[in-house]
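Undergrad: Okay, here's the prediction I keep looking at, along with the sequence it came from:
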Amino acid sequence: MSEIVQDAGTRSGEFVQSLERGLAVIRAFGTDRARMTLSEVAREAELSRASARRFLHTLVELGYVVTDGRVFALRPQVLELGYAYLSSLSLPDVAQPHLEQLVEDVGESSSVAVLDGADIVYVARVATRRIMSAAIQVGTRFPASATSMGRAVLAHVSDGEREAFLAAATLLPLTAHTITDKGLLRAELHAVKEQGWALVDQELEEGLRSIAAPLCDAAGRVIAAVNVSAPVRRGPVEEMVAGFLPPLLRAAREIEADLVRTRT
């Protein structure tokens with residue numbers, strides 16, 4: 001498992017701060033921030049207006065950002081920045097057919113996500129319907145602490161990584177059900193590790209439940225998680241676990257087996 005918390009005090013003398021700031025400008029854009037003014041980008045990226053302007057216009061010249069002179073937006077070319085990672089991982093291509101079969105079996109949406117800092121990032125998805133207020137697609141990010149896939153991965157990192165994550169985490173009350181106490185989250189992650197899967201009941205969004213299982217590589221290291229999400233109207237939590245968990249765990253084992261085969 002790669003390090004999930006970067007301490008500024010441990011940065012080497014070769015650290016390039018300008019690159020960090022340029023990437024912060026790219027990360028400032030999101031589903032609810034698809035188009036932003038210079039001032040908005042500067043605020044989201046925590047940069048001065050002058051710095052944000054230089055980075056934005058550099059990205060425009062490189063083809064990663066488009067502007068009408070006032071508003072800025074990412075261009076599809078920015079996907080190239082993540083393509084090499086996803087291709088080398090091969091996880092999306094391996095997982096996709098298994099997600100399709102899982103969705104056919106349970107009749108609800110399924111996704112695979114990896115941990116990236118404090119967030120999970122979706123790398124594969126098969127949706128049956130839109131069940132969240134925010135559209136979910138490959139590249140969507142959510143707080144790992146409030147998601148079943150995030151907890152499925154966090155439960156299996158080293159003790160040191162988990163404590164570093166908790167120390168740095170800001171646990172926002174996304175709904176009335178969200179765990180915002182670090183002690184309670186620590187206990188929940190311990191329970192997830194013990195049982196081998198995670199369930200989140202309306203902590204990310206009201207009316208939504210999700211159940212997730214970790215995905216391991218050939219060395220047995222947890223590298224991602226796979227989930228099934230469903231609206232609460234689908235039935236009680238116990239019915240969701242009984243109906244979704246067996247096919248979810250089966251899909252996880254099949255994805256892992258195919259990942260091993262792609263490495264041999």
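TA: Great, that's in hand.
Undergrad: could I get stretch 171-180 in PDB with only the CA atoms?
TA: Output in PDB follows, covering the C-alpha atoms of stretch 171-180 (Å, rounded to 0.1, in the frame of the first residue of the first chain):
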ATOM      1  CA  LEU A 171     -14.900  14.300   9.200                       C
ATOM      2  CA  LEU A 172     -17.600  16.500   7.900                       C
ATOM      3  CA  PRO A 173     -21.300  15.800   8.700                       C
ATOM      4  CA  LEU A 174     -22.400  15.100   5.200                       C
ATOM      5  CA  THR A 175     -25.700  13.800   6.500                       C
ATOM      6  CA  ALA A 176     -27.300  13.400  10.000                       C
ATOM      7  CA  HIS A 177     -25.900   9.800   9.900                       C
ATOM      8  CA  THR A 178     -22.300  10.500   9.100                       C
ATOM      9  CA  ILE A 179     -19.700   9.400  11.600                       C
ATOM     10  CA  THR A 180     -17.800  12.500  12.600                       C
END
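Undergrad: Show me what counts as buried in that stretch.
TA: Going by neighbour count (16 or more other Cβ atoms under 10 Å), the buried part of stretch 171-180 is L171, L174, T178, I179. All C-beta spots, glycine's among them, are computed from the backbone N, C-alpha and C.
Undergrad: counting contacts, what elements does the helix or strand hosting P246 pack onto?
TA: Counting by DSSP states H and E, the element that carries P246 is helix 237-262. Packing contacts for helix 237-262, counted by 3 or more Cβ pairs under 8 Å, 6 or more residues apart in numbering; DSSP states H and E, involve helix 91-106, strand 109-116, strand 198-201, strand 208-216, strand 222-231.
Undergrad: contact partners of the longest one?
TA: The one in question is helix 91-106. 86, 109-112, 114, 123-126, 128, 138, 215, 223-224, 226, 228, 230, 243-244, 247-248, 251, 254-255, 258-259, 262 (Cβ atoms under 8 Å, 6 or more residues apart in numbering).
Undergrad: Can I get the helices and strands packed on helix 237-262 in CSV including mean neighbour count and mean pLDDT?
TA: Converted to CSV, the helices and strands packed on helix 237-262 look like this (neighbours: other Cβ atoms under 10 Å; pLDDT from 0 to 100):
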stretch, mean neighbour count, mean pLDDT
helix 91-106, 19, 92
strand 109-116, 25, 94
strand 198-201, 22, 97
strand 208-216, 25, 96
strand 222-231, 24, 95
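Undergrad: for the ones you listed, which one sits closest to E238?
TA: Closest approach to E238 among the helices and strands packed on helix 237-262 (Cβ to Cβ): strand 198-201, 10.5 Å.
Undergrad: partner strands of that closest one, parallel or antiparallel?
TA: Strand 198-201 has the following strand partners under DSSP bridges: strand 208-216 (antiparallel).
Undergrad: Can you show me the helices along the stretch 51-200 of the chain?
TA: 80-89, 91-106, 148-154, 159-168, 182-195 (DSSP state H, counting those that start in this stretch).
Undergrad: What's the first helix or strand after the strand or helix carrying L23?
TA: L23 is part of helix 17-28, with elements assigned from DSSP H and E. Using DSSP H and E, the helix or strand that follows helix 17-28 towards the C-terminus is strand 35-37.
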